[in-house]
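Student: need coordinates for the following:
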Amino acid sequence: MRDTYYELRTLLSADTPPEDLLVKYEAEESQEAEVDSSEGNENEVGTRNNPLTIGERVTLSYNDLFQGDVKLEIEMLELISGDEAWEMVRKGNEFNDEPGENQEYVLAKFHVKVHEVENEPFDLNHALFDAVSSGGNTYDDYISVSGLEPDLWNEMYEGAERKGYTYFLIDKDDENPLAAFQRRSDAEVWFELR
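Tutor: Reported below is the predicted structural model:
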């Protein structure tokens with residue numbers, strides 16, 4: 001099931017998605033825009049316009065294509081960036097990539113508690129998170145960091161809790177980058193990365 005998830009994620013993030021998926025997504029996007037504008041979502045927390053910060057916990061209940069009905073809590077506990085983040089990444093594994101000249105790692109430590117998952121286990125992984133620049137562009141460079149402790153990745157059953165780091169590579173001069181958990185889904189929630 002995990003392989004199918006990654007194949008679908010790769011397909012949806014392709015530079016040229018299949019035409020039938022593109023048409024379906026654009027139709028859904030326009031419907032969502034109408035719903036959002038009528039609800040006045042400026043006051044909702046965890047949105048791109050009003051992201052969560054360190055210490056704010058949110059409970060999400062949603063249906064996932066692979067996991068079925070899911071209910072979980074998520075909270076960002078800590079942010080580490082710059083030289084300190086690079087030092088942690090380097091110590092985790094000497095083969096981790098050094099950030100580019102104008103880039104830096106941002107490590108975000110999250111606490112996740114799974115209350116319900118229809119198709120156990122819940123696959124908590126780094127691919128569930130995306131970084132988006134303050135200009136609205138996604139950071140789409142694929143990065144893989146190994147050896148971070150504690151690592152966020154885990155397969156979780158109902159009642160399980162996990163604290164660990166996920167990672168992003170962003171531009172040093174990006175003043176307001178955001179992280180999105182489950183972007184483009186009913187569970188989408190946004191966090192500040194500065």
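
Student: quick check, pLDDT for the most centrally placed residue in the chain.
Tutor: The residue lying closest to the centre of the chain (CA atoms, centre = their mean) is F129, at 1.5 Å. The model reports F129 with a pLDDT of 96.

Student: now do E42
Tutor: Predicted confidence (pLDDT) for E42: 54.

Student: kindly report the same for the one 4 residues further on.
Tutor: G46 is assigned a predicted lDDT (pLDDT) of 94.

Student: try E94
Tutor: Taking E94 on its own, its pLDDT is 94.

Student: I'd assumed it was in a helix, is it?
Tutor: No. Using DSSP: H, G, I helix; E, B strand; the rest coil, the assignment for E94 is coil, not a helix.

Student: what's the separation between the residue nearest to the centre of the chain and M76?
Tutor: The spacing between F129 and M76, counted by CB to CB, to the nearest Å, is 11 Å. All C-beta atoms are positioned from the backbone trio N, CA, C, and that covers glycine.

Student: residues in contact with both of the two, list them for me.
Tutor: Shared contacts of F129 and M76, defined by CB atoms under 8 Å, 6 or more residues apart in numbering, comprise A108, A179.

Student: now stretch 88-95: how far from the chain's centre is it?
Tutor: Relative to its chain's centre, stretch 88-95 lies at 22 Å (CA atoms, centre = their mean, to the nearest Å).

Student: just the helices from the protein, written as ranges.
Tutor: Along the chain, the stretches classed as helices by DSSP state H are 2-12, 19-39, 82-92.

Student: ok, M76 - contacts?
Tutor: Going by CB under 8 Å, 6+ apart, M76 touches L52, T53, I54, G55, E56, A108, K109, F110, A179, F191.
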